[in-house]
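Colleague: how would this look folded up:
(one chain, ligands or ions: 1)
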Amino acid sequence: MSGSVRVVVVGGGYAGVMAANRVAGSTADRLPVEVTLVDPGAQFTERIRLHRVAAGSRDAAGVDWSRVLHPRVRRLPARALRIDADRRSLTLRGHAPIGFDWLVYAVGSGEPPTPLLSVTNAAAAAGTRRAITRLAPGAAVTVAGTGPTGVELACALAVTRPDLSITVVAPSGPAHPLTDRDAVARRLHRLGITVEHGSVDPETGTVTPRAPGARPRPAAAATIWTAGLAVPSLAADSLLPVDGSGRLVVDATLAVPGHERVLGAGDAVSVTGTAGDHLRASCAIALPMGAHAADTVLARLAGTAPSELDAGYLAQCLDLGAGRGHVQFVHADDAPRRWALSGRAGGWGKEQVCRMTLAWLAGEARTPGSYTWPAGPAVPVG
Ligand SMILES: Cc1cc2nc3c(=O)[nH]c(=O)nc-3n(C[C@H](O)[C@H](O)[C@H](O)COP(=O)(O)OP(=O)(O)OC[C@H]3O[C@@H](n4cnc5c(N)ncnc54)[C@H](O)[C@@H]3O)c2cc1C
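Modeller: You can find the predicted model right below:
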């Protein structure tokens, strides 16, 4: 036992890397703190690039850990199996358990939610790419979901495989605000993508259109699920408080009620109260949540009261394929503003934002505390 404070971060995505970097950088030379990042991946995965990997317009979405991690962070390549919050012990697959004084839960949402194809993690995206490569010209492809990932994937596929017949199906029926947006609808139309209101069976891929009298039709040659996220069951398996989707429940400081040494950040977490009302699973919010979880740990180490999360949005950015995109500026609560960038300007804007995510992680590793984020809707915005 070294006598250091042991901070363990479980999950090396946007939230986990940000949290680990901030704690490691902010305590260096000042406090004896050991930061360990537990993640089974050989590389950091840029999940926001996986639709392009699946479509074949990008080779991979892996980034060497050394590019994004603070050098003081010890990386433990393992999968966490159980958190014992009372004993402060973490059980790992293939490794001896490790102890912790503070734990940040940041396991994300990369579980494949169905047996259908998906783009939710690197392996799933690679599997989808193989399946698409095997498709004959003219084959039908269903993309289930008209959220950002469904729209981005459909556009990327239409660019790399214009010979396929691509239909995007909105499982919830009513038109999605994204596909209703003029510039996005025009781009989908131009790429020959059909948008259909209906539902997709998550087990079989059978499509039931919404149109009156329409009958279900058998699954397409390939069905790719992008609707809804699935989080790992680690919090539930560890008997920690979870919501109906299995997300770890945390308060506005990002600590678990009743277990203040366990904190959470990112997609795998549900923030109770007004601080979390407007938050959707996104890289855009995983980053500030990771930084805030670190700030809470640092405040506790300093013996001061942690602040409450106050995070908002600036823009929703869509990659619409072949360098085109749509950047919709939004209010802090994610409601659209009047301004947007479309076409090549939108594509340029989207690419800059994707690059910035890595730059923010790397910047936090170099200059602790450098990453800041827009305030949430509780603070008046112009
Ligand atoms: C194709 C695609 C495009 C997207 N585009 C955008 C976008 O444009 N903008 C946006 O804001 N969001 C986007 N998202 C969503 C965004 O990627 C996620 O919201 C974000 O990755 C969440 O970050 P996170 O740190 O919570 O988790 P993740 O990035 O999912 O990282 C979680 C990490 O935890 C690890 N892990 C899981 N279980 C365990 C365990 N038991 N033990 C140890 N480690 C574990 C995983 O291997 C992973 O490395 C996109 C997602 C996809 C799939």
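Colleague: I'd like the average pLDDT over stretch 111-128.
Modeller: Averaging pLDDT along stretch 111-128 gives 94.
Colleague: so what touches it?
Modeller: With C-beta atoms under 8 Å, 6 or more residues apart in numbering as the test, stretch 111-128 has contacts from 41, 45, 47, 50-51, 53-54, 60-62, 109-110, 131, 144, 149, 153, 202-203, 205, 222-226, 228-232. Backbone N, C-alpha and C define where each C-beta goes, glycine included.
Colleague: and those residues, which of them are buried?
Modeller: 41, 45, 47, 50-51, 53-54, 61, 109-110, 131, 144, 149, 153, 202, 205, 222-226, 228-232 (16 or more other C-beta atoms under 10 Å).
Colleague: element containing the residue in the stretch 251-382 of the chain that the ligand sits nearest to, please.
Modeller: The nearest approach of the stretch 251-382 of the chain to the ligand comes at Gly266, 2.2 Å away (C-beta to the nearest ligand atom). Using DSSP states H and E, Gly266 maps to neither a helix nor a strand.
Colleague: which residues of the stretch 101-250 of the chain fall in helices?
Modeller: For the stretch 101-250 of the chain, the helices defined by DSSP state H, counting those that start in this stretch occupy 122-133, 148-160, 177-180, 182-190, 234-237.
Colleague: return the helix or strand in this structure with minimum mean pLDDT.
Modeller: helix 177-180 (a mean of 62; mean pLDDT, DSSP states H and E).
Colleague: okay, the residue nearest to Thr128 when sequence neighbours are not counted: pLDDT?
Modeller: Closest residue to Thr128 apart from its sequence neighbours, by C-beta to C-beta, 6 or more residues apart in numbering: Ala54 at 4.0 Å. Per-residue confidence (pLDDT) for Ala54: 98.
Colleague: please report how far Ala54 lies from Leu117.
Modeller: Computed as C-beta to C-beta, to the nearest Å, the Ala54 to Leu117 distance reads 8 Å.
Colleague: which neighbours do the two have in common?
Modeller: Thr128, Ile224.
Colleague: name the residues of the stretch 51-200 of the chain found near the ligand, please.
Modeller: Residues of the stretch 51-200 of the chain lying close to the ligand (C-beta under 6 Å from any ligand atom) are His51, Arg79, Ala80, Ala106, Val107, Gly108, Ser109, Gly110, Val119, Thr120, Pro148, Thr149.
Colleague: likewise the stretch 251-382 of the chain?
Modeller: Gly266, Asp267, Ala268, Ala281, Ser282, Cys283, Ala284, Ala286, Cys317.
Colleague: among those residues, which pair sits farthest apart?
Modeller: The largest separation in those, counting by C-beta to C-beta, is between Ala268 and Cys317 at 22.5 Å.
Colleague: so where's the stretch 51-200 of the chain shaky on pLDDT?
Modeller: For the stretch 51-200 of the chain, applying pLDDT under 70 flags the ranges 171-180.
Colleague: quick check: Tyr371 touching Ala286?
Modeller: No. At 11.9 Å, Tyr371 and Ala286 do not qualify as touching, with contact defined as C-beta atoms under 8 Å.
Colleague: tell me which of those two has more neighbours.
Modeller: Ala286 (29 against 19; other C-beta atoms under 10 Å).
Colleague: and the longest helix anywhere in the chain, how far out from the chain's middle?
Modeller: Counting residues, the longest helix in the chain under DSSP state H turns out to be helix 343-366. Offset of helix 343-366 from its chain centre (C-alpha atoms, centre = their mean, to the nearest Å): 15 Å.
Colleague: what of stretch 52-63?
Modeller: 16 Å.
Colleague: quick one, domains of the chain?
Modeller: 5-40+77-110+229-309, 117-225 (automatic domain parsing).
Colleague: hey, which of these is tucked in deepest?
Modeller: domain 5-40+77-110+229-309 (a mean of 21; mean count of other C-beta atoms under 10 Å).
Colleague: first-to-last residue distance for stretch 6-21?
Modeller: 14 Å (C-alpha to C-alpha, to the nearest Å).
Colleague: wait, the residue of the stretch 251-382 of the chain closest to the ligand sits on Ala286?
Modeller: Yes. Between Gly266 and Ala286 there is a contact under C-beta under 8 Å: 4.0 Å.
Colleague: and for the two, which residues touch both?
Modeller: Gly13, Tyr14, Ala15, Ala106, Gly108.
Colleague: for the stretch 201-350 of the chain, what are the low-confidence residue spans?
Modeller: Scanning the stretch 201-350 of the chain residue by residue, none of them satisfies pLDDT under 70.
Colleague: now do the contacts for Val68.
Modeller: Counted by C-beta under 8 Å, 6+ apart, Val68 has contacts Val17, Asn21, Phe44, Leu358, Leu361, Ala362, Ala365.
Colleague: can you select the buried ones from those in ChimeraX?
Modeller: To isolate the buried ones among the contacts of Val68 in ChimeraX, judged by 16+ other C-beta under 10 Å, type:
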select :17,21,44,358,361,362,365
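Colleague: among the contacts of Val68, which one has the lowest pLDDT?
Modeller: Ala365 (92).
Colleague: Arg22 is in contact with that residue, correct?
Modeller: No. Under the criterion of C-beta under 8 Å, Ala365 makes no contact with Arg22, lying 9.1 Å away.
Colleague: list the contacts of the residue of the stretch 101-250 of the chain found nearest the ligand.
Modeller: Relative to the ligand, the nearest point of the stretch 101-250 of the chain is Gly108 (2.2 Å; C-beta to the nearest ligand atom). Counting by C-beta under 8 Å, 6+ apart, Gly108 makes contact with Gly11, Gly13, Ala15, Gly16, Arg47, Val231, Pro232, Gly266, Asp267, Ala268, Ala286.
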